[in-house]
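Enquirer: Dropping a prediction and its sequence here:
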Number of protein chains: 2
Amino acid sequence: MKPKSLQVSDPSAQETAPAPYHHGALREALLVAAEEILLERGVEGFTLRNCARRAGVSHAAPAHHFGDVKGLLTEFAAIGFDRMTALMRQYVVTANRDGGMPLHALGRAYIDFAMLHRAHFQLMFRYDLLDHTNAHLSEAGGAAYAELESVIEAADPGGSGNETRRLLVWSAVHGFATLLLEGKLDAFYGHKDRKRIAQEAGDALLGMLTNPSQSERSAA
Amino acid sequence: MKPKSLQVSDPSAQETAPAPYHHGALREALLVAAEEILLERGVEGFTLRNCARRAGVSHAAPAHHFGDVKGLLTEFAAIGFDRMTALMRQYVVTANRDGGMPLHALGRAYIDFAMLHRAHFQLMFRYDLLDHTNAHLSEAGGAAYAELESVIEAADPGGSGNETRRLLVWSAVHGFATLLLEGKLDAFYGHKDRKRIAQEAGDALLGMLTNPSQSERSAA
DNA sequence: CTTGAAAATTTTACAGTGTCAAGATATAGG
DNA sequence: CCTATATCTTGACACTGTAAAATTTTCAAG
């Protein structure tokens, strides 16, 4: 019925996958379509049928790759954790090389990831939408936390209050990213756009967080 | 069809409202039913028709009181902000009277509220599910933030880094409550139940947060 | 009391959703 | 070439939110 001659699967530009089956890369196409929809209409506006429609397949096609809608969103979230871990590692490595503070870099990576992959981030922490028996998801989530843990441990080896310190860093950074994406901070930084809030307020927050002793003196 | 003789609208116990119409208190009954469903099945499992069914009315009855599903959830969230503000004020007043730290009390109220009114809390920060043009919601949300603001300002009048300090406190407390409710902390405090995590880890967090100078020494 | 208007609720209808079962189709391996 | 299997489509079902048209109940006035 619908013209299938879209530029999605240009037969002359297939380097990654060998274009094996009907669609060729339905799995990836569905994940791409999912991100588009999530960015345009938010989590609540997401629909499996619409996602399939956008990928150019019938409404029941996704079932074969993801089982059900939860399966698709779970895979999407797991990919998010993978990317987040990668970004954190990258920032920390750079900080260690350039003499920066690893803890600050970690927090910056967390916030940047939330801004950069908004759709993923919002899904990653939506317990009810995810299948927590999924192997990829739990591995990816565990790896992300392990990175967080190791950086804080490295920052203060054997520190007695490290468990609480870890909790504080995680809570603060996560809370900031969440409030930012939910638009709760817009009202109080109305004159800046959200990217600048993430940058400036985020830096101020991280400064106070990683250097608690001069909390009464910073922020000129 | 269904027996309407429930104890919901006992004709001998009407002091607040004059019990005017058919159901008498459909509005309140729907909000109660909504909370039940949200606690049992989570935000994703919430359904307007099911909510009406549980309140003993037809599926289209809620429309008259709330317009649409967004209207109902918005009212529900607004009530949440009202209760949260009340709890914060109560905790802070008690702290001021008994020589406690108001800032600590504020954070404790925030966390306790999240545990006590889980369904409300989770909805209050779900931007996509709420109607932000709603007057009750914006007033209630504003009042809650004003309380937060005033306590932090009172704790350090004219402090230069107060904007950042406010952001840190809010982010940390909000992030902790969120991670707690999303089950992300269960894995790391597995031996305790969630109530104890909220109490003990929450206190440790608030201690480090309100007393940043001895962050290297606490948590025996 | 009656009466009539307004509010509350139900009934009916429609487009859209997720999932399941069964049928169609193409690809790979023999 | 042939067929087994993974991939995809079609069709159906129960359910959803919303809108409009009945219908019922309440309330206030006459």
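Expert: Right, received. Where do you want to start?
Enquirer: switch to C-alpha atoms for all contacts and neighbour counts from now on
Expert: Fine.
Enquirer: low-confidence ranges in chain A?
Expert: Along chain A, the model assigns pLDDT under 70 to residues A:1-22, A:212-220.
Enquirer: touching DNA strand C at all, the longest helix belonging to chain A?
Expert: Assignment by DSSP state H gives helix A:69-98 as the longest helix of chain A. Yes - for helix A:69-98, a contact with DNA strand C is found by CA under 7 Å from any atom of the strand, at A:69-70.
Enquirer: May I see the buried residues of that helix?
Expert: Buried residues in helix A:69-98, counted by 16 or more other CA atoms under 10 Å in any protein chain shown: A:69, A:71-85, A:87-89, A:91-93, A:95.
Enquirer: and the following helix or strand past it, how far from the chain's centre?
Expert: Proceeding N to C from helix A:69-98, the next assigned helix or strand is helix A:102-116, under DSSP states H and E. Relative to the chain's own centre, helix A:102-116 is displaced by 11 Å; criterion: CA atoms, centre = their mean, to the nearest Å.
Enquirer: now do stretch A:201-211
Expert: With CA atoms, centre = their mean as the basis, stretch A:201-211 stands 21 Å off its chain's centre.
Enquirer: same deal with stretch A:159-169?
Expert: Distance, stretch centre to chain centre, for stretch A:159-169: 23 Å (CA atoms, centre = their mean).
Enquirer: Buried by neighbour count: which residues of that stretch qualify?
Expert: A:161-169.
Enquirer: Identify those among those that sit within helices.
Expert: Filtering the buried residues of stretch A:159-169 for helices - DSSP H - leaves A:162-169.
Enquirer: In a markdown table: those residues, plus distance to DNA strand C.
Expert: Shown next, in a markdown table, are these (distance: CA to the nearest atom of the strand, whole Å):
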| residue | distance to DNA strand C |
| --- | --- |
| A:Asn162 | 41 |
| A:Glu163 | 38 |
| A:Thr164 | 39 |
| A:Arg165 | 40 |
| A:Arg166 | 36 |
| A:Leu167 | 34 |
| A:Leu168 | 36 |
| A:Val169 | 36 |
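Enquirer: I'd like those residues as TSV, with distance to A:Asp203 appended.
Expert: TSV is the format used below for those (distance: CA to CA, whole Å):
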residue	distance to A:Asp203
A:Asn162	22
A:Glu163	23
A:Thr164	21
A:Arg165	18
A:Arg166	18
A:Leu167	19
A:Leu168	16
A:Val169	13
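Enquirer: how close does A:Ser58 sit to A:Ala25?
Expert: Computed with CA to CA, to the nearest Å, the distance linking A:Ser58 and A:Ala25 is 14 Å.
Enquirer: Comparing these two, which shows the higher neighbour count?
Expert: Neighbour count, other CA atoms under 10 Å in any protein chain shown: between A:Ser58 and A:Ala25, A:Ala25 has more, with 17 against 13.
Enquirer: how close does the more buried one get to chain B?
Expert: Going from A:Ala25 to chain B by CA to the nearest CA, to the nearest Å gives 30 Å.
Enquirer: Need phi/psi at that residue.
Expert: Main-chain dihedrals, A:Ala25, degrees, to the nearest 10: phi -140, psi 50.
Enquirer: neighbours around A:Leu39, how many?
Expert: 16.
Enquirer: Close to chain B: what parts of chain A are there?
Expert: Contact residues, chain A versus chain B (CA under 8 Å from any CA of the partner chain): A:42-44, A:125-129, A:159-161, A:164-165, A:167-176, A:178-179, A:182-183, A:201, A:204-205, A:208-209, A:212-213, A:215-220.
Enquirer: Let's see which of the residues you listed end up in helices.
Expert: Under the assignment DSSP H, those contribute A:164-165, A:167-176, A:178-179, A:204-205, A:208-209 to helices.
Enquirer: Up against DNA strand D, what does chain A have?
Expert: When proximity is defined by CA under 7 Å from any atom of the strand, chain A lies next to DNA strand D at A:1, A:21-27, A:56-61, A:64-65.
Enquirer: and the two most separated of these?
Expert: Using CA to CA, these reach their maximum pairwise distance at A:Met1 and A:His65, which is 23.2 Å.
Enquirer: the more surrounded of those two?
Expert: The neighbour count for A:Met1 versus A:His65, taken as other CA under 10 Å, is higher for A:His65 (13 against 3).
Enquirer: The more buried one is in contact with A:Ala25, isn't it?
Expert: No - contact criterion CA atoms under 8 Å: A:His65 and A:Ala25 do not qualify, at 10.6 Å.
Enquirer: any idea how far chain B is from A:His96?
Expert: No His there; residue A:96 is Asn. For A:Asn96, the distance to chain B - CA to the nearest CA - is 22 Å.
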